[in-house]
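Asker: Fold the following, please.
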Amino acid sequence: MSRVLLFTGKGGVGKTTLAAATAASLAAHGRKALVVSTDPAHSLGDALDVRLGAAPSEVDTGLFACQIDPRGLVDEAWGELRGHLRTVLAGAGVNELDAEELTVLPGVEELLALAEVRRLASVGPWEVVVVDCGPTAETLRLLSLPEAFAGYLERLFPTHRRVVRGLLAGVAGTGTVEKWDATADALSRLAERLDALRSMLADPSSCSVRLVLTPERVVAAETRRTLTALALQGIRVDSVIANRLVPSPGSARGGAATWLRTRRHEQDAVLAELTGIGEIRTVDHRASEPVGVPALLEVASQLYGSEDPLPAASVAESLLEVSGSGRGLDARYSLRIALPLAEDTELDLARVGDDLALTVDRRRRLVALPSLLRRCIVTGAEMDSGGVTVGFRPDPSLWR
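Answerer: Next up is the predicted model:
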C-alpha cells in the first residue's frame, strides 16, 4: 500500500499547486508518485500544464497524475447495486417512490472518490499518492463519510441479515429472498471497502493530511477548527503550510514598499498567533503563477529545502489517557482527551451509555470509555488549548 498525503485548505489558498509541487519533488528525488485530484474544480491539469483523464498517466519521469471522475464511479459501482436494492425493497412491499428515495445516498460520489484513492494506493508502481482534495469543509465531510456511511448501511441492512431474510420470506416469497442474498453479498463487499477506508484514514503510517493556509485571520481561524475536527476523527496532520507570504521590502521606500511592509507585518502577526500547532512551513508569493513541472519544482525547493518531502511514517498517538488516585468509592479518576482547541471553541459533553459524546464546534464523536470508567459517574470537565479533562467518581450502584 502506497503512502497517502491529503492536501486541503480553504478555497483559493493554493493547495493544488502545493500538492502538485510535492508530487513533482518526490518524483525528482527518485520516488514514483501519483498526484490525484478529487476536487470538483479539477485544476490539477492546469497546474501541471497537461490534459488529465480518469486513468493515471505519466506526465514526467516517475510522476503520474489523474483526475477522478465521481460521476463515472457512481454509474459504474453504485448504479447496479442501487437497482438491486430497489428491487428488493419493492418486493418487500415498499412502494416504488419510497424505494427510489431510500437508495439515494447523500455523499456517495465523494465516498466512491475516496475509495478510488485507496484503490490507486494499492495498485500501480507509485510509492506515494498525493491527493488534491476539495476545500476544507468538503474534505472534512469526505473524511467522515466512511464511518457515517457504514452506520447507514448497518441500520438499513443489518449485519444479522437472517432476520431480514426471514421477514422477506414471510412477505415477499422465495424470489425476493434470493435477490436479497445477492444484494446482501454486494453490501458486505461494500462494508469491507468502508472498513478498509476507515483503517487507512486512521493509520498515520498510511495516511496523513497537509493543511494549506494563507496568512489571513479568517483563513487561520478555519485552519484551527480544521485541526480540531481532524483530531476528533483520529486523522493525523503532519504539516501546516502557509502559502503566499509577500516579500519583505527591507529598507526600501515608496508607496509599493510601504504596502509590502504593512502586508508582511500583518501576515507575520497572523502566523505568530498560530501557536501550539507545531512547525509551519512557508512559501513566498510569486510574481508569476507556477505552471508546469519546472516551476513546481522551484516551489517545492522553497517548501522543503533539503528535507525529504515524505518523512518517516509515525506511530499512532493515543487520543485518551486515564489517571486516578484513591481506593474504593473514594477514588477519583480523570480522562484526558487530547485535542487542539481554540479559546472560542464550543464544547459539549454528554454520557451516552458506555460512550462519551464529545461535540466540538458542532462536530460530534462518540468516545468509547475504558472499562474502568464505564462504572463511574462524570463529575465535571475542564478545557484548555491541549484538550479536555473529564473527571469521574465510582458509581455506588455499579462499583464492586
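Asker: Can you pull the poorly scored residue ranges out of this structure?
Answerer: Along the chain, segments meeting pLDDT under 70 span 70-109, 145, 148-191, 312-318, 400.
Asker: can I see the domain layout of this structure?
Answerer: For the chain, the structural domains run 1-317, 320-394, going by automatic domain parsing.
Asker: In CSV: those domains, plus mean neighbour count.
Answerer: (Each C-beta comes from the backbone N, C-alpha and C, glycine too.) Shown next, in CSV, are the domains of the chain (neighbours: other CB atoms under 10 Å):
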stretch, mean neighbour count
domain 1-317, 17
domain 320-394, 15
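Asker: Show me where the stretch 101-250 of the chain has its helices.
Answerer: Here the stretch 101-250 of the chain has its helices, by DSSP state H, counting those that start in this stretch, at 108-121, 136-156, 161-172, 174-202, 217-232.
Asker: Does the closest residue in space to Ala242 that isn't next to it in sequence belong to a helix, a strand or coil?
Answerer: Leaving aside its sequence neighbours, Ala242 sits nearest to Thr282 (CB to CB, 6 or more residues apart in numbering; 4.8 Å). Following DSSP: H, G, I helix; E, B strand; the rest coil, we place Thr282 in the strand state.
Asker: Lys15 and Val293, how far apart?
Answerer: Noted for Lys15: a distance of 18 Å to Val293, by CB to CB, to the nearest Å.
Asker: List the contacts of the spatially most central residue of the chain.
Answerer: Central residue of the chain (CA atoms, centre = their mean): Leu143, 3.5 Å from the mean position. Shown in contact with Leu143 (CB atoms under 8 Å, 6 or more residues apart in numbering): Leu6, Leu114, Leu201, Leu230, Gln233, Ile235.
Asker: which residue packs closest to the last one, ignoring adjacent ones?
Answerer: Spelled out, that is Ile235. Excluding the flanking residues, the one nearest Ile235 by CB to CB, 6+ apart is Leu201, at 5.5 Å.
Asker: Distance of that neighbour relative to Pro40?
Answerer: Distance of Leu201 to Pro40, given as CB to CB: 20 Å.
Asker: cool, Glu116 as well?
Answerer: Taking CB to CB, one finds Glu116 at 14 Å from Pro40.
Asker: distance between the ends of stretch 330-347?
Answerer: 28 Å (CA to CA, to the nearest Å).
Asker: can you start the count at 33 instead of 1 from here on
Answerer: Got it, first residue is 33 now, which makes that one stretch 362-379.
Asker: where does that stretch sit relative to the chain's centre, distance-wise?
Answerer: A distance of 23 Å separates the centroid of the chain from that of stretch 362-379, by CA atoms, centre = their mean, to the nearest Å.
Asker: go on, stretch 165-180?
Answerer: On CA atoms, centre = their mean, the centre of stretch 165-180 falls 6 Å from the chain's centre.
Asker: Equivalent analysis for stretch 53-71, please.
Answerer: Using CA atoms, centre = their mean, the offset of stretch 53-71 from its chain centre is 19 Å.
Asker: again with stretch 361-373
Answerer: The answer for stretch 361-373 is 26 Å, by CA atoms, centre = their mean.
Asker: what does stretch 52-63 give?
Answerer: Here stretch 52-63 is found 23 Å from its chain centre; the criterion is CA atoms, centre = their mean.
Asker: Same question for stretch 312-322.
Answerer: Worked out by CA atoms, centre = their mean, stretch 312-322 lies 25 Å from the chain centre.
Asker: Leaving out the residues flanking it, which one is nearest to Ser231?
Answerer: Leaving out its chain neighbours, Ser231 is closest to Ser238 (CB to CB, 6+ apart), at 8.0 Å.
Asker: re earlier: Leu143 versus the residue nearest to the centre of the chain, what's the distance?
Answerer: Distance from Leu175 to Leu143, by CB to CB: 10 Å.
Asker: likewise Val331?
Answerer: 31 Å.
Asker: Does Ala400 have any beta-bridge partners, and if so which?
Answerer: Taking DSSP bridges as the rule, Ala400 bridges to Asp387.
Asker: Give me the nearest residue to Val315, chain neighbours excluded.
Answerer: Spatial nearest neighbour of Val315, excluding adjacent residues (CB to CB, 6+ apart): Asn275 at 4.9 Å.
Asker: Ok, Arg268 next?
Answerer: Pro236 (4.1 Å).
Asker: wait, that neighbour sits on Ala263?
Answerer: No - using CB atoms under 8 Å, Pro236 is not in contact with Ala263; the gap is 11.8 Å.
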